[in-house]
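Colleague: kindly return the folded structure for what I paste below:
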Amino acid sequence: MAKFKKKTKADTNIPTSALPDIIFMLLFFFMVTTVLREQDLLVEQKIPQATQLQKLQKKSLISYLFLGKPKNTSLYGVEPRIQANDVLINTSDILQWVNQEKDALSEAERDQITISLKADRDVKMGPVSDIQFELREADARKLMYATVGKVEE
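Modeller: Numbers count the residues shown, from 1 in each chain. The predicted model follows:
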């Protein structure tokens, strides 16, 4: 009978030639899917809760207005201020801001723009009413009040 020699030495090397490809695919995946913060908040935000919520489908048609006490009170005071696109504006500037936001959209989508108002819960109703009036003047009729979540009843 012939003697068979058993292999006692096992190959323990793991092939790593495809490892850089896998790492770059993961890197590209996270680069594409990560959403970076578009704006730095210059006003304080404690968003109130709501009893009814509705989620919008097309978020590209939403423009954000932030209303609250400025974080830098020594420079801007303690009165509530309006922030739009990383800039603090006055209520008289809302008309110009809405027109700029509409110009950034296509011709068919300009009438579908929605303004999301993220107002601090401690802000009085006076500045909110002023913003509503200016938005009516700018023909931005769709106004959404942002909240953090639904109140458990």
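Colleague: on the three-state scheme, the residue lying closest to Thr91 once chain neighbours are set aside is what?
Modeller: Excluding the flanking residues, the one nearest Thr91 by CB to CB, 6 or more residues apart in numbering is Asp130, at 4.6 Å. To be clear about C-beta, it is placed using only N, CA and C from the backbone, and glycine gets the same treatment. Three-state call for Asp130 (DSSP: H, G, I helix; E, B strand; the rest coil): helix.
Colleague: next, Leu117: secondary structure please.
Modeller: strand.
Colleague: wait, what's in contact with Gln112?
Modeller: 58, 61, 142 (CB atoms under 8 Å, 6 or more residues apart in numbering).
Colleague: the residue nearest to Thr91 against Ile89, yeah?
Modeller: No - taking CB atoms under 8 Å as the definition, Asp130 is not a contact partner of Ile89, at 12.0 Å.
Colleague: now do the longest helix along the chain, average pLDDT.
Modeller: Of all the segments of type helix in the chain, defined by DSSP state H, the longest one is helix 19-33. Averaged over helix 19-33, pLDDT sits at 89.
Colleague: mean confidence for the next helix or strand after that helix?
Modeller: Next helix or strand after helix 19-33 toward the C-terminus (DSSP states H and E): strand 62-68. Mean pLDDT, strand 62-68: 88.
Colleague: just the CA trace of strand 62-68, in PDB.
Modeller: What follows is strand 62-68, C-alpha atoms only, in PDB (Å, rounded to 0.1, in the frame of the first residue of the first chain):
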ATOM      1  CA  ILE A  62     -39.300  74.000   2.000                       C
ATOM      2  CA  SER A  63     -37.500  77.100   3.100                       C
ATOM      3  CA  TYR A  64     -36.800  77.600   6.800                       C
ATOM      4  CA  LEU A  65     -37.200  80.700   9.000                       C
ATOM      5  CA  PHE A  66     -36.000  80.500  12.600                       C
ATOM      6  CA  LEU A  67     -37.400  82.800  15.300                       C
ATOM      7  CA  GLY A  68     -36.000  83.100  18.800                       C
END
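Colleague: mind listing what's buried in it?
Modeller: Under the neighbour-count criterion of 16 or more other CB atoms under 10 Å, strand 62-68 has 63-68 buried.
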